[in-house]
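Q: Please work out how this folds:
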Amino acid sequence: AAAASTSASATSASSAAVVAQQEQQLAQQERQLAQQERKLAQQADEWGVAKARAVAQLRQLQAEKQQLAGEKADLLAARDREARRADASEARVELLEGRLA
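A: Here you go, the predicted structure:
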């Protein structure tokens, strides 16, 4: 009976050691997962910041593009006005030349 008791105690101790080893492995895996989670959260934060910067730059570029479009429209309008003035001046010159002739 004593041998059976010793054998059972050894088996129980062996089982306890296996369980303790498994617990340590699980704890290590949990630490690794927590570390990966922190890294991913940091990446997400960095990407969020990068995205916010990109969005801000895009909005700035769109505003600049809109401003340039307005300036281009102003220049085209000025060019058209100058062309009309030149045409009117040319017509006056032709009219004066016709009177002088």
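
Q: most centrally placed residue in the protein?
A: The structure's the chain has its C-alpha centroid closest to residue 51; by CA atoms, centre = their mean the separation is 2.3 Å.

Q: Name all residues that make contact with that one.
A: Contact analysis of residue 51 by CB atoms under 8 Å, 6 or more residues apart in numbering lists nothing. From N, CA and C alone the C-beta is placed, and that goes for glycine too.

Q: how about it, secondary structure?
A: Classification of residue 51 by DSSP: H, G, I helix; E, B strand; the rest coil places it in helix.

Q: ok, which stretches of the protein are helices?
A: Shown for the chain, the helices assigned by DSSP state H span residues 2-100.

Q: Poorly predicted segments of the chain, please.
A: Filtered on pLDDT under 70, the chain yields the residue ranges 1-6, 8.

Q: at 80 what do you get?
A: 1-10, 101 (pLDDT under 80).

Q: related to what we said a few turns ago, I'd like the distance between the residue nearest to the centre of the chain and residue 44.
A: Computed as CB to CB, to the nearest Å, the residue 51 to residue 44 distance reads 10 Å.

Q: And for residue 101?
A: Going from residue 101 to residue 44 by CB to CB gives 83 Å.

Q: more neighbours, the two?
A: Here residue 101 and residue 44 are set side by side on neighbour count (other CB atoms under 10 Å), and the busier one is residue 44, at 10 against 5.

Q: Just give the number of residues close to residue 30.
A: Burial of residue 30, expressed as a neighbour count using other CB under 10 Å, amounts to 10.

Q: got it, and the one 4 residues further on?
A: Number of residues near residue 34 (other CB under 10 Å) recorded here: 10.

Q: and what of residue 87?
A: The burial count for residue 87: 10, using other CB under 10 Å.

Q: go on, residue 71?
A: Neighbour count for residue 71, taken as other CB under 10 Å: 10.

Q: Since that was my last question, I'll sign off now.
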